[in-house]
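Peer 1: sequence below, structure please.
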Amino acid sequence: MVLVAGSTGFLGREICRRLRARGIGVRALVRSSSDQTVVAALADLGAQAAVGDVKDRASLDAACRGAGTVISTVTTTRSRAPGDSLESADHEGQLSLVDAAQAAGVQRFVFVSFSRGISGDDALTVAKREVEARVRESGMTFTILRPSYFMEVWLGPHLGFDAANATARVYGAGDNPISFISRDDVAEFAVQALDNPAATNATIELGGPEALSPHQVIRMFEQAGGRPFEVQYVSEAALHSAQAGATDSLQRAFASLSLSYARGDAIPMDATLGQFPIELRSVQDYARTVLARSV
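Peer 2: Presented below is the predicted three-dimensional model:
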């Protein structure tokens, strides 16, 4: 049985789907406040719901009981319920989940962190690195996945990259390469980590098939869509100002993520792909798909 924490989220749902497609038993950690449409969709996959919250240790103890593996994608960066914060959920809640898994005799823990190229002293980065350390020290067999920037997020309209309207927001000068990676590929790495020896007690940096600068990405979208983009730049100076003036930890974390984006995050993948048989999705393929939907 695999407990998936963060099962109703952007990445967790895809991990659940892929586990069930392989016939693997899934226990999905869901909150009482979770979107019931998503909870029903998980049930339709054959996932068993475990109602709980990373801020409630007793619920984590119950959810971990009898599980052989925990996969955690928990984050409040994309959605928040009352009482959620980077400190309470991404940090303390994730540490509590690791401790609950260890106490319950879970054998393997797969934690989705983010690239070592993403750095800072913000609450999200501190949380990721401290949870990584707790996982390594837990005594459980572990896999820590460190993906670079998700193409579906950072090349999507919520962050100003609006292919349908041919507009793009670029953080920094736009010249430094980033190994944008697809959510689906990260999900596949998480699933393969369960039985691939290369994932045993390993920390794995993950990127897409090629590192591309934001300018190169924009040109790909322009060629695929047949029209030029209007580009808005957010300078590093503006990002530093946003970080300094942030009124909450999530705003400060976003400014920190954007500064790391501006610096670039190129991740060589040849050695990793020699150990994991995964055909990575390219930005070019993603561009074609997004633009086809907007027609």
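Peer 1: for the rest of this, base every contact and every neighbour count on C-alpha atoms.
Peer 2: Will do.
Peer 1: what about the helices in this structure?
Peer 2: Assigned by DSSP state H, the helices in the chain fall at 12-21, 36-45, 57-64, 94-103, 123-137, 151-154, 183-192, 214-225, 236-245, 249-263, 270-275, 283-294.
Peer 1: dump those helices into a markdown table; add distance to Asn165 and mean pLDDT as well.
Peer 2: Converted to a markdown table, those look like this (distance: least, Cα to Cα, whole Å; pLDDT from 0 to 100):
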| stretch | distance to Asn165 | mean pLDDT |
| --- | --- | --- |
| helix 12-21 | 28 | 97 |
| helix 36-45 | 29 | 94 |
| helix 57-64 | 44 | 98 |
| helix 94-103 | 38 | 98 |
| helix 123-137 | 31 | 97 |
| helix 151-154 | 16 | 97 |
| helix 183-192 | 23 | 98 |
| helix 214-225 | 10 | 96 |
| helix 236-245 | 25 | 94 |
| helix 249-263 | 22 | 96 |
| helix 270-275 | 35 | 97 |
| helix 283-294 | 9 | 92 |
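Peer 1: closest to Val51 out of those helices?
Peer 2: helix 57-64 (7.3 Å; Cα to Cα).
Peer 1: elements contacting the closest one?
Peer 2: Here helix 57-64 touches strand 48-51, helix 94-103, going by 3 or more Cα pairs under 8 Å, 6 or more residues apart in numbering; DSSP states H and E.
Peer 1: which of these sits most buried?
Peer 2: helix 94-103 (a mean of 22; mean count of other Cα atoms under 10 Å).
Peer 1: give the closest residue to Ile204 in space, chain neighbours not counted.
Peer 2: Leu145 (5.1 Å; Cα to Cα, 6 or more residues apart in numbering).
Peer 1: what's the per-residue pLDDT of the one you found here?
Peer 2: pLDDT for Leu145: 98.
Peer 1: contact partners for it?
Peer 2: Counting by Cα atoms under 8 Å, 6 or more residues apart in numbering, Leu145 makes contact with Val110, Phe111, Val112, Ser113, Phe114, Phe189, Ala190, Thr203, Ile204, Glu205, Leu206.
Peer 1: by neighbours, which of these wins?
Peer 2: Neighbour tally across the contacts of Leu145 (other Cα atoms under 10 Å): the maximum, 28 neighbours, falls on Val110.
Peer 1: what bridges to that one?
Peer 2: Ile71, Thr143 (DSSP bridges).
Peer 1: so it sits against Val74, correct?
Peer 2: No. Using Cα atoms under 8 Å, Val110 is not in contact with Val74, being 11.5 Å away.
Peer 1: before we move on, the earlier item: reformat the helices of the chain as a markdown table; add distance to Gly83.
Peer 2: Below are the helices of the chain laid out as a markdown table (distance: least, Cα to Cα, whole Å):
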| stretch | distance to Gly83 |
| --- | --- |
| helix 12-21 | 21 |
| helix 36-45 | 20 |
| helix 57-64 | 15 |
| helix 94-103 | 15 |
| helix 123-137 | 16 |
| helix 151-154 | 24 |
| helix 183-192 | 27 |
| helix 214-225 | 35 |
| helix 236-245 | 23 |
| helix 249-263 | 13 |
| helix 270-275 | 38 |
| helix 283-294 | 35 |
